[in-house]
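Engineer: Structure of the sequence below:
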Amino acid sequence: MAELDLYLRHFSLRTPVLEVLDSEPFRLSIAERVAHQSPQVPAQALPDLVAGALAARDFSAAIQLLETERAQGFAKRNDLLLLTYVYCLNGNVEKAEDVAKEVVSTPKDKLVDWLWGTLQAEFGFRPPR
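Structural biologist: Down below sits the predicted model:
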């Protein structure tokens, strides 16, 4: 998540963002083609489409795709963390705080601790209790 934060906020490169999110340009083009041909975006294409939206710095599109995953019940813990982060990047801290309530973490969860601390310092985010 720290690597993604670095690329999104300090560089304009697309490919490193895709790679951090376990995608790449070829997979993204296939996912885009499949999504374009389907009436409903297939669940298998969503992670690549999210990665593509983030690589393009289209935070609204990424939020919409992550919310689609969430609504369909496919969102995993890391998807919720990413959605929380992207809501903050897009200026909607209140919505990020609502999503964060769904994140299950352990007492010594370094990823969650880092993310909550970063979002708190950068955006005034209030982590769930």
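Engineer: which residue packs closest to the spatially most central residue of the chain, ignoring adjacent ones?
Structural biologist: In the chain, the C-alpha closest to the average C-alpha coordinate belongs to Leu82, at a distance of 3.2 Å (Cα atoms, centre = their mean). What sits nearest to Leu82 in space, not counting adjacent residues and going by Cβ to Cβ, 6 or more residues apart in numbering, is Leu66, at 6.4 Å. From N, CA and C alone the C-beta is placed, and that goes for glycine too.
Engineer: Can you report phi and psi for the residue lying farthest from the centre of the chain?
Structural biologist: In the chain, Gln37 marks the outermost C-alpha relative to the chain mean, sitting 23.8 Å out by Cα atoms, centre = their mean. Main-chain dihedrals, Gln37, degrees, to the nearest 10: phi -90, psi -10.
Engineer: What's the separation between it and Ala31?
Structural biologist: Gln37 sits 11 Å away from Ala31, going by Cβ to Cβ, to the nearest Å.
Engineer: Nothing else from me, thank you.
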